[in-house]
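**Student:** fold the stuff below for me.
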Amino acid sequence: MGATTTHPVNHYGTATALTNLPLIANDYKSQFYPDGGNGSTPIPDADKLRYNDMSLVVGGKFEIAADWGNGSHAEHRVGINCDVFSGNIPGNRWQTLTQIFANHGSPNYNDETATASHWHLRFQ
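**Tutor:** Have a look, this model is predicted:
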């Protein structure tokens, strides 16, 4: 999610980020939507993890407001960051999800859930 007319393609990342994001999603699914005896439990679209604002195709400042000031996405310039929307994740799952982030290369994430409705992942 998150494409704009200024940045229509914004999901480029390092190999570490691109490897770990699907692993995070898989662990989230395994934890909260486990496969049962009758087959796989699908995740409703509304409950899926929503990744947003990684990096631009050639890097550089990711200025979401397109005013090239000191925007909040200054760190999203080298492909090691990704925002994960928190608005559709029940609060009782947050602790488990943040542990999943840490287990998959992002132990130093920023919790921006109170002000910006997302976690700001940093892959190492």
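**Student:** contact partners for the residue nearest the centre of the chain?
**Tutor:** Nearest to the mean C-alpha position of the chain, counting by C-alpha atoms, centre = their mean, stands residue 84 at 3.1 Å. The contact partners of residue 84, taken as C-beta atoms under 8 Å, 6 or more residues apart in numbering, are 24, 49, 50, 51, 52, 101, 118, 119, 121. To be clear about C-beta, it is placed using only N, CA and C from the backbone, and glycine gets the same treatment.
**Student:** of the residues you listed - the most surrounded one?
**Tutor:** In terms of neighbours by other C-beta atoms under 10 Å, the contacts of residue 84 top out with residue 121 at 25 neighbours.
**Student:** so it, which of the three states?
**Tutor:** Put simply, residue 121 is strand when judged by DSSP: H, G, I helix; E, B strand; the rest coil.
**Student:** any idea what sits nearest it, other than its immediate chain neighbours?
**Tutor:** Leaving aside its sequence neighbours, residue 121 sits nearest to residue 106 (C-beta to C-beta, 6 or more residues apart in numbering; 4.2 Å).
**Student:** quick one, phi psi at the one you found?
**Tutor:** Phi and psi for residue 106, reported as degrees, to the nearest 10, are phi -130, psi 60.
**Student:** and the pLDDT for it?
**Tutor:** Confidence at residue 106, expressed as pLDDT, is 96.
**Student:** and for the residue nearest to the centre of the chain, nearest residue in space, chain neighbours not counted?
**Tutor:** Using C-beta to C-beta, 6+ apart and skipping residues adjacent in sequence, the residue nearest residue 84 is residue 119, 4.7 Å away.
**Student:** what residues are up against that neighbour?
**Tutor:** 83, 84, 86, 97, 98, 101, 109, 110, 111, 112, 113.
**Student:** what about 6 Å?
**Tutor:** By C-beta atoms under 6 Å, 6 or more residues apart in numbering, the contact set of residue 119 is 84, 109, 111.
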